[in-house]
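Novice: Build me a structure from this.
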Amino acid sequence: MDLAKQKLIRNLWLVLILWIAFLLRVYHLQSLPNGLFIDEAARGYDAFAIAQTGADMFGQFLPLFPRGFDDYTPGLYTYLTVPFVYFLDLSRFSTRYAAVWIGVFTVVVAYLAIRTAFGRAAGLAGAALLAVSPWYVLLSRIGTEWTLLGLGPTLTIVVLYRGLQRPAWLAAGGAVAGLSLYGYAPVKAFLPLLLAAFGLFYWGPLWRQRRALLAAGLILALLAYPVYRFSLTPEGQIRLGEIYYFDKLPLQESLYRFVANYLAYLSPSFLFRPLPEQVFVQSLRDVGLLYGFELPLIVVGIIVVFRTGRRAQYFWLAWLLLAPLGINLHIQSPRPALWLTATPVLHGLAGAGLAYLMGLARRSPGRAETGRIGRRQAIALILLAGLAVMAGWNIRTMVRDLFYEFPVYSISTEQNWWAYDLERAMADVRQLAPAFDSVILQPFELEAISYVSGIYFAFYDRFPPHRRQAEVLRYGEEAWQQVGPVAVGQLEARLRQPGCHLAVMTPKNYYSLPLPKNLLKSYNLPDRPANPPVLAAAAGALPEWQPAQVVFGEQILLERFALVSKPVTDRSVIEPGQALCLVLSWQSAGNLAADYTVFIHLVQPNSDSPGPPLAQHDGPPVDGLRPTRSWQPGERIEEMRVIIVPADTPKGDYHLKIGWYDPASGARLPARDQADQVRLVELQVR
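Specialist: Modelled structure (predicted):
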């Protein structure tokens, strides 16, 4: 086969690999992961703000280190996201789309790097493994700066490789290295180590091009200066103070942890076994970071390095050994996203091992003529066949896990890092908010940080950035306690204000809330309840109780009630579209034999004839938590019901009526004068 055909075939294989890499990363990108990680919300909204105003959400003009969650993360990923958010509008898809292309481009760059060190066949094999990597596919679908931790160092080495033959490329290598520092923060510690190792391994060729090397160093220094200078400021130290453990632990324990973290990154249990659920935001459940079939290939690849003894290949082993040093000072080590510093190395070694085995499996010209198979060739063929079967099973498991199972189990963990269904909750808030006196958003994920939920609301509501920036100027450090019409945090204190309030919170906060409340909607998880948001109405400070003293079925006493939205008079004035929060106080007069349902109807006067009421609320007592058969004689049960007056309700007088019925038979309990419903209050729609 001539060289032109060989080149064409290699290019076709590379195009196929890239196409597979793209499809695995873009397929159902909007809905998988089916939630929004908090870092995604911050990066996406900052990109949205910059696209519209030129400043981030805090009003800082084109910041190199956007404030975010007061972690001041380098802003390269945010700026890469700006074009997608500008043209596609703010969404999960547009926020993640930059990560998809970073992931695909990293496969290209890895191919170039592996090809230089191990040859073209190894380059294609390593790129193919990276394209379908369970480790990197998931991280390339998440709209954060994590993916840049793999791209930056790899692209730097590729450009420096080229600079060994063409001096002009060394300056480009300095520029790429400098820009890489604006990716993910851990690269600040790792990249200098990688560049130092490259310099040691290639000192001779670099020294012969020392003028170009000096230019590269100057460019790198100019780009790196703002990064390291900012790292010494109080703002730049905030994130380091959160993740660095040497100042939190005794020296001996810190050193032990340093060594343990280093070894953990290289351990087979971390690389090849599924990780615990607390890192489901960065890994899958049924496969490890690498496939099981890659382990023997990596072993063979390492053997190849020592057998050939080439400097370029030894440098890759140095890269692998240096990678944990730049990241294991992180208190949460080992973490899959941090280990992206070694992105191309492990796949490159596996690719080298695969290329070596495939070379052994090919018949030599002499044996091809006789039809005989040598011992090494037979062993290689058997090993490759076994690895092919294992690879098919491993990749099938990954695809099933990622696209069918991950959407369920990743959001069912206690932390609910993906803030599942908060988008639907926000959509319902937008629809219902005008009916209530205020809207309150309880910190949803990290309860100690109120602005976490505020960023979610700003993202899903596409809250105008100029208004967000104006609120920052107005409220200062308390800016995230108010996002437009939504009050964030301090749930109980805010709910004690008079009125009928709409609240988004977690089930834990809802059921522990002592105030009168009514569960409007619960956003259940696909398989089991965990910590999804709930939408509720809650009464603020109650007006005076109104006496009722009505007995239903000679068993249930309505002792008193309070209409929270407006002061109750004989003819209360309400408005179309308004929410009426009705607080009820019941007492049981005896042991109840059935579980009855309360109904509340808003009707026109003298409308006892059959026909639907203008608005109604039916349901068991206390959101179904206190069925009537559980009531004890003399026990007082307090609950709240919500009726929203239709927006098209004509002006006039209306009655609010209440009653009970047996849901099994539909029979209503008789009350005063044997009527099956009782008028509580007269209302006037103006």
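Novice: C-alpha only now, for contacts and for neighbours.
Specialist: OK.
Novice: Show me what the mean pLDDT comes to for stretch 150-157.
Specialist: Stretch 150-157 shows a mean pLDDT of 95.
Novice: no wait, stretch 504-523
Specialist: Rounded mean pLDDT across stretch 504-523 is 86.
Novice: how about the helices in the stretch 251-400 of the chain?
Specialist: 251-266, 268-272, 294-308, 311-322, 343-361, 365-370, 375-400 (DSSP state H, counting those that start in this stretch).
Novice: Comparing those helices, which yields the minimum mean pLDDT?
Specialist: The minimum mean pLDDT among those belongs to helix 365-370 (a mean of 50).
Novice: what about the stretch 151-300 of the chain, any weak spots by pLDDT?
Specialist: By pLDDT under 70, the low-scoring segments of the stretch 151-300 of the chain are 277-278.
Novice: Ok, the stretch 351-500 of the chain next?
Specialist: Scanning the stretch 351-500 of the chain with the threshold set as pLDDT under 70 gives 363-373, 413-415, 444-452, 477-478.
Novice: Repeat the analysis, applying 90 as the threshold.
Specialist: Along the stretch 351-500 of the chain, segments meeting pLDDT under 90 span 359-382, 407-427, 430-431, 434, 437-438, 440-457, 461, 468, 470-500.
Novice: What ranges does it have for its strands?
Specialist: 438-441, 482-483, 486-488, 500-505 (DSSP state E, counting those that start in this stretch).
Novice: for the ones you listed, which one ends up most surrounded?
Specialist: Comparing the strands of the stretch 351-500 of the chain by mean neighbour count (mean count of other Cα atoms under 10 Å), strand 500-505 comes out on top with a mean of 27.
Novice: What is that strand packed up against?
Specialist: Judged by 3 or more Cα pairs under 8 Å, 6 or more residues apart in numbering; DSSP states H and E, the packing partners of strand 500-505 are helix 422-432, strand 438-441, strand 534-539, strand 579-588.
Novice: try it again with 10 Å
Specialist: helix 422-432, strand 438-441, strand 486-488, helix 491-495, strand 517-522, strand 534-539, strand 579-588 (3 or more Cα pairs under 10 Å, 6 or more residues apart in numbering; DSSP states H and E).
Novice: okay, these in a markdown table with distance to Leu194 next?
Specialist: Formatted as a markdown table, the helices and strands packed on strand 500-505 follow (distance: least, Cα to Cα, whole Å):
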| stretch | distance to Leu194 |
| --- | --- |
| helix 422-432 | 41 |
| strand 438-441 | 45 |
| strand 486-488 | 44 |
| helix 491-495 | 49 |
| strand 517-522 | 50 |
| strand 534-539 | 48 |
| strand 579-588 | 62 |
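Novice: who wins for proximity to Leu200 among those?
Specialist: helix 422-432 (51.4 Å; Cα to Cα).
Novice: And the contacts of the closest one?
Specialist: Here helix 422-432 makes contact (Cα atoms under 10 Å, 6 or more residues apart in numbering) with 35-36, 421, 433, 439-441, 444, 453, 456-461, 486, 502-505, 521-523, 532-535, 577-579, 644.
Novice: one more time with 7 Å
Specialist: Residues outside helix 422-432 that contact it (Cα atoms under 7 Å, 6 or more residues apart in numbering): 457, 460, 533, 535.
Novice: What is the neighbour count of the nearest residue to the second one once chain neighbours are set aside?
Specialist: So the one you mean is Tyr460. Nearest residue to Tyr460, sequence neighbours excluded (Cα to Cα, 6 or more residues apart in numbering): Glu423, at 6.1 Å. Using other Cα atoms under 10 Å, Glu423 is surrounded by 18 other residues.
Novice: by contact count, what packs against the one helix or strand Leu130 maps to?
Specialist: Using DSSP states H and E, Leu130 maps to helix 120-131. Helix 120-131 makes packing contacts with helix 3-26, helix 92-118, helix 343-361 when contacts are defined by 3 or more Cα pairs under 7 Å, 6 or more residues apart in numbering; DSSP states H and E.
Novice: Among the strands of the stretch 351-500 of the chain, which comes closest to Trp417?
Specialist: Among the strands of the stretch 351-500 of the chain, strand 500-505 sits nearest to Trp417 (Cα to Cα), with 14.8 Å.
Novice: Would you mind getting the angle between the closest one and strand 579-588?
Specialist: On the basis of axes from the mean of the first three to the mean of the last three Cα atoms, to 10 degrees, strand 500-505 is oriented at 90 degrees to strand 579-588.
Novice: returning to what we had before: and the angle for the helix holding Leu130 with helix 92-118?
Specialist: 160 degrees.
Novice: and the angle for helix 120-131 with helix 343-361?
Specialist: Using the same axes, to 10 degrees: helix 120-131 against helix 343-361 is 130 degrees.
Novice: who touches the helix or strand just after helix 120-131?
Specialist: Following helix 120-131 in sequence order, the next helix or strand is helix 134-139 (DSSP H and E). Contacts with helix 134-139, where a contact means Cα under 7 Å, 6+ apart, come from 24-25, 130, 147, 282-283, 289-290, 398.
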